[in-house]
Structures are given as structure tokens and as C-alpha cells.
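In: Sequence and predicted structure are below.
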Amino acid sequence: MLGLFGNEHRAPTPEQVDQHEAELKTSKDYEFHHYEGAERGFFYYDRPMYRIEQALDGWQKVFAFSGKHLAK
């Protein structure tokens, strides 16, 4: 499981994300990443909530995670 979360978004809140991550700590196949200054939809390049730096980093994480887990 890969989670990319904007810290400015409130559903789930950063605290809820932390709670979910605490429950997943026993799993080896998950990664959660938090992005300051981003909210939900920061990947949408045609919308005001787009954040290029966070989106580019997020895409790198998507491809790395997919390559790692789909290559098995």
C-alpha cells in the first residue's frame, strides 16, 4: 500500500493518517508520505490545488513503489 497525503487536507487529517500508519507498522509492504503545503488533489495539474514539487515527488514514489512490488 502506498499513501501520498497532503498535510493541508482534512479528510483524512494528518493525525488520522498517523493512526492508520501506526496500525500498518506490522506490514512490510506499505509506505506513507506526507506533503507540506499540499491538500487533496495536489496531482491535478489543471486545478488550483496542484503543487508541482509535491506531485513530481509523488510520481517518483509511485513508480519506485510499483517497480519494487510489481517486479516480484
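Out: Yep, it's here.

In: now for stretch 35-46, what's the gap between its first and last residues?
Out: End-to-end span of stretch 35-46 (C-alpha to C-alpha, to the nearest Å): 19 Å.

In: Provide a list of residue ranges in this protein with pLDDT below threshold.
Out: 72 (pLDDT under 70).

In: can you do 90?
Out: Along the chain, segments meeting pLDDT under 90 span 1-31, 36-37, 39-41, 45, 48-49, 68-72.

In: Does Glu23 belong to a helix, a strand or coil?
Out: Here Glu23 is recorded as helix under DSSP: H, G, I helix; E, B strand; the rest coil.

In: And the helix or strand harbouring Phe32, what does it pack against?
Out: In this structure, Phe32 sits in strand 31-35 according to DSSP states H and E. Strand 31-35 is packed against strand 2-6, helix 14-24, helix 52-70, with contacts defined by 3 or more C-beta pairs under 8 Å, 6 or more residues apart in numbering; DSSP states H and E. (Glycine included, C-beta is placed from N, CA and C.)

In: any chance of those in TSV, with mean neighbour count too?
Out: Putting these into TSV (neighbours: other C-beta atoms under 10 Å) gives the following:
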stretch	mean neighbour count
strand 2-6	19
helix 14-24	13
helix 52-70	13
